[in-house]
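Student: The amino acid sequence is not available; the structure is as follows:
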């Protein structure tokens, strides 16, 4: 089994799984019926992408692992998603800020992944890009509405951006699997995305009349399995059913 | 966040096989851009459509159901307004 390729796929898939689960929490709890459905739609897009990645990872593993137990039965330290996507839905501004900061990255990343020598990954990227351009449109529109909205919405939006900013730098850290896959022409060199990412994010923040955070201190660890306190709670929701009733299906 | 100040919009969707946009429901949105996006999320998530129109509900002028008698009943006994009294040649099929 190609351990680097396996780890690399999980690195991509875990981001979508955890963010999808976060958005799914809003089902029935969104700020309005329309945004509730929008967040649920985006969540389902992520779960669709995740299935393709985990099915491929299970194939690479070539043992008893399946897409389900890769997704549902790992321990917290075995998830390698970035810290950004596990941050909670503190309020709708946080949901939008988290989504926006991830979507801009996700779109750039998939655009590069489409050129991968690995045809499966390239095909998943092509399929996902249409969905992700819509995600980006949704989160950008809301960022501008709330940023350039009322005094209260602007304050909340700015607070969310300031708080989540510290998790953005990790998106561009390379893991061992990253380095190996870039060398093989399969993976995306995330370090090369950093400049265009911040340029784009800053442009949109300015359009939203928000201030670009000045903080130069960034959190990291998610890619190595060292998570914030929030992930454990999320996983207990996500995994409860499979842990309580192993192999249950419906 | 409160939506009580968001106006109501009517949504019309044209399906893949349909030629015309059909009314499929209504939703709340702050402006026309949000109305279109919300309509996309609420009414086309099972790929029902290829085109969406939205119009703010206040722009629709509706007939008053109380006037249904004078509006519509006079037409009930005027069957001659249907083209059913012509003898059609056999060559004309499917009329």
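Tutor: Received, thanks. Bear in mind the structure is a predicted one, so any value in this text is a computation, not a measurement.
Student: what's the worst-scoring helix or strand of chain A on mean pLDDT packed up against?
Tutor: One helix or strand of chain A scores below all others by mean pLDDT, DSSP states H and E: helix A:67-72, with a mean of 93. In terms of contacts (3 or more Cβ pairs under 8 Å, 6 or more residues apart in numbering or on different chains; DSSP states H and E), helix A:67-72 is packed against helix A:33-61, helix A:230-244. Every residue, glycine included, has its C-beta placed from N, CA and C.
Student: Just after it, pick out the following helix or strand.
Tutor: Per DSSP states H and E, the first helix or strand lying C-terminal to helix A:67-72 is helix A:83-86.
Student: any idea how far that next one is from the chain center?
Tutor: Put simply, helix A:83-86 sits 7 Å off its chain's centre (Cα atoms, centre = their mean, to the nearest Å).
Student: Quick check: next helix or strand after that helix?
Tutor: Counting by DSSP H and E, what follows helix A:83-86 is helix A:92-113.
Student: Counting by contacts, list what that next one packs against.
Tutor: Counting contacts by 3+ Cβ pairs under 8 Å, 6+ apart, helix A:92-113 packs against helix A:3-24, helix A:33-61, helix A:83-86, helix A:119-147, helix A:151-165, helix A:194-207.
Student: and that helix, average pLDDT?
Tutor: Across helix A:92-113, pLDDT averages out at 98.
Student: what pLDDT does the residue nearest the centre of chain B get?
Tutor: With distances taken as Cα atoms, centre = their mean, residue B:23 lies nearest the centre of chain B, 3.6 Å away. Note for residue B:23: predicted pLDDT of 95.
Student: Please state the backbone phi and psi of it?
Tutor: Taking degrees, to the nearest 10, you get phi -70, psi 130 for the backbone angles of residue B:23.
Student: dump the residue contacts of it.
Tutor: B:10, B:11, B:12 (Cβ atoms under 8 Å, 6 or more residues apart in numbering or on different chains).
Student: out of these, who's nearest residue A:114?
Tutor: Among the contacts of residue B:23, residue B:11 lies closest to residue A:114 (Cβ to Cβ), at 33.6 Å.
Student: and the closest one, what are its bridge partners?
Tutor: Judged by DSSP bridges, the bridge partners of residue B:11 are residue B:25, residue B:54.
Student: Surely it touches residue B:41?
Tutor: No: Residue B:11 lies out of contact with residue B:41 (Cβ atoms under 8 Å); the separation is 11.0 Å.
Student: Give me the distance between the residue located most distally from the centre of chain A and residue A:209.
Tutor: Note on chain A: the largest C-alpha distance from the chain mean falls to residue A:151, namely 29.3 Å (Cα atoms, centre = their mean). Note on residue A:151: its distance to residue A:209, by Cβ to Cβ, to the nearest Å, is 12 Å.
Student: One more: residue A:44?
Tutor: According to Cβ to Cβ, residue A:44 and residue A:209 sit 32 Å apart.
Student: Give me the more crowded residue out of the two.
Tutor: The neighbour comparison of residue A:44 against residue A:209 (other Cβ atoms under 10 Å in any protein chain shown) goes to residue A:44, with 16 against 13.
Student: dump the residue contacts of that one.
Tutor: The contact partners of residue A:44, by Cβ under 8 Å, 6+ apart, come to residue A:20.
Student: coming back round to it: so what touches the least confident helix or strand of chain A?
Tutor: A:10, A:17, A:50, A:51, A:54, A:55, A:57, A:58, A:61, A:238, A:239, A:242.
Student: Report how many residues lie close to the third one.
Tutor: The one in question is residue A:50. If you count neighbours by other Cβ under 10 Å, residue A:50 ends up with 23.
Student: Hmm, residue A:18 and it touching each other?
Tutor: No: if you go by Cβ under 8 Å, residue A:50 and residue A:18 don't touch, sitting 9.5 Å apart.
Student: quick revisit: against chain B, how distant is the residue farthest from the centre of chain A?
Tutor: Computed as Cβ to the nearest Cβ, to the nearest Å, the residue A:151 to chain B distance reads 14 Å.
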